[in-house]
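>>> quick one: sequence and predicted model below, then my questions.
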Amino acid sequence: MTDTGKPLRVGIVAGEASGDILGAGLMAALQKRYPQLQVEGIAGPRMLKLGARSLFPMERLSVMGLVEPLKRLPELLRIRSTLRQHFIDNPPDVFVGIDSPDFNLGLEATLKGAGIPTVHYVSPSVWAWRRGRLKKIARAVDHMLTLLPFEADFYREHAVPVTFVGHPLADEIPLQVDTAAARRELGFAEDDQVIALLPGSRGGEVRLLGPLFLQVARWCHQRRPQLKFVLPAANAQRLAELRTLLESYADVPVTLLDGNSHAAVAAADNVLIASGTATLETMLLKKPMVVAYKMAKLSYAIFSRMLQTSWVSLPNLLAQRELVPEILQDDATPERLGAALLRYYDDPLLYDQLQRDFDELHQQLRRNASERAADAVCSLVDARNSV
């Protein structure tokens, strides 16, 4: 698709930081084709920096769990209703919903019904749970963009138009990671033993996992006093929460960072991490990890009964086998998590094999994702305009 002189108008909704990363990559690729690109909806700081207009703060959509969103339901419904009316009154050339399926799919269905082409970027985990959503997706989405190859196969089997684009992080992150440079940047010595702690980016995650992760750090440090820890905060709110939390862990050598999770992981030997998108970046940085997660008890009871896959972390899902430990909910104790982390220091063969497995997965996902996503969006617009 080439620039015809008419600006391409794109509606977009991203609900959290990972969606903002994907949206910014897509915007940059589209701007090469359409220098006068116009993007509006809900955007995070990366997209805002590229010129997107956000009608609501992205943070208002960042809600975790199955039960917790019900508490915010009136606000979320008001936001979606406002966006729906805005886009119907001011139709974009295409609407792109990035992740946040419970919010975006309903919006996409209405917009598609109003004649606006719709793209959903990042597949909901229909292959893992709630497969009945496939019918809703087919009604709502003109084209699905998936980050993972097995997701695209699943949609093809169910006759949903789809493109596997790969993942922008796999394009950004080099195949060889300079751990020494990251350590210098953060003030660690090259021979330090460093564990990164990533308890998540959402407030609910930090409240549930932050204390647990620091208990794990204390447990490990008591057994190996030479260990050091680095804890990146996802944003200013998380930074304040974690700083307060650390007041109770003055005996543990933790370096708290304002952002810079990439450097924190790159500098680490291994990582204790919340299940989520960050496990992918950690895999691409070739860092062994232990995956943990806790949810509100009722949310977990519902979720665990609906789950139709053996794994929750992206490295294991991609490999379709257990590459890294997943220790969840009541099993996620300081002792179990700490022992799994220390095993990486004690078993160099395991460490080396994991490096090779991660490298192979990195190659699979390295597809120039943002350009492929832009190609698919433009092809959809072209096809609609030619009718």
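Arrived safely, thanks for sending.
>>> pLDDT weak spots in the stretch 201-350 of the chain?
Along the stretch 201-350 of the chain, segments meeting pLDDT under 70 span 299-309.
>>> just the helices from it, written as ranges.
Assigned by DSSP state H, counting those that start in this stretch, the helices in the stretch 201-350 of the chain fall at 203-223, 236-246, 261-267, 278-284, 297-306, 314-319, 334-346, 348-365.
>>> which parts of the last one are buried?
Judged by neighbour count (16 or more other CB atoms under 10 Å), helix 348-365 contains these buried residues: 351, 354, 357, 358, 361, 362, 365. Backbone N, C-alpha and C define where each C-beta goes, glycine included.
>>> least confident pick among those residues?
pLDDT across the buried residues of helix 348-365 is lowest for residue 351, at 92.
>>> what about the residue lying closest to it once chain neighbours are set aside, distance to residue 253?
In space, not counting the residues next to it along the chain, residue 351 is nearest to residue 344; the distance is 5.4 Å by CB to CB, 6 or more residues apart in numbering. Distance, residue 344 to residue 253, using CB to CB, to the nearest Å: 19 Å.
>>> tabulate the buried residues of helix 348-365 (a markdown table), appending distance to residue 280.
Converted to a markdown table, those look like this (distance: CB to CB, whole Å):
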| residue | distance to residue 280 |
| --- | --- |
| 351 | 19 |
| 354 | 15 |
| 357 | 14 |
| 358 | 10 |
| 361 | 9 |
| 362 | 10 |
| 365 | 8 |
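>>> and the residues you listed, which is closest to residue 59?
Lowest distance from residue 59 to the buried residues of helix 348-365 (CB to CB) belongs to residue 365, with 28.0 Å.
>>> ok so, going back, which among the buried residues of helix 348-365 gets closest to residue 22?
Nearest member of the buried residues of helix 348-365 to residue 22, counting by CB to CB, is residue 365, at 13.2 Å.
>>> which residues touch the closest one?
Counting by CB atoms under 8 Å, 6 or more residues apart in numbering, residue 365 touches 147, 148, 166, 167, 169, 170, 284, 318.
>>> in stretch 249-261, what counts as buried?
Buried residues in stretch 249-261, defined by neighbour count with 16+ other CB under 10 Å: 249, 252, 253, 254, 255, 257, 260, 261.
>>> beta partners of the residue nearest to the last one when sequence neighbours are not counted?
Right, residue 261. Nearest non-adjacent residue to residue 261, counting by CB to CB, 6+ apart: residue 232, 4.0 Å away. In this entry, residue 232 is beta-bridged to residue 257, by DSSP bridges.
>>> so how far is residue 144 from residue 232?
Noted for residue 232: a distance of 32 Å to residue 144, by CB to CB.
>>> please report how far the residue nearest to residue 351 lies from residue 242.
From residue 344 over to residue 242 the distance is 24 Å, taken as CB to CB.
>>> now residue 206
As judged by CB to CB, residue 206 and residue 242 stand 7 Å apart.
>>> and this structure, what are its domains?
Taking automatic domain parsing as the reference, the chain has its domains at 9-166+367-386, 172-365.
>>> residue 194 looks like it's in a strand, true?
Yes - the assignment for residue 194 is a strand, going by DSSP: H, G, I helix; E, B strand; the rest coil.
>>> tell me the pLDDT at it?
pLDDT, residue 194: 98.
>>> what's the answer for residue 3, then?
As summarised for this prediction, residue 3 has a pLDDT of 50.
>>> next: the one 3 residues further on.
Residue 6 carries a pLDDT score of 78 in this model.
>>> renumber starting at 178 from here on
Okay, using 178 as the starting number, the last item reads as residue 183.
>>> could you count how many residues lie near it?
Residue 183: 9 surrounding residues under other CB atoms under 10 Å.
>>> understood, closing this out.
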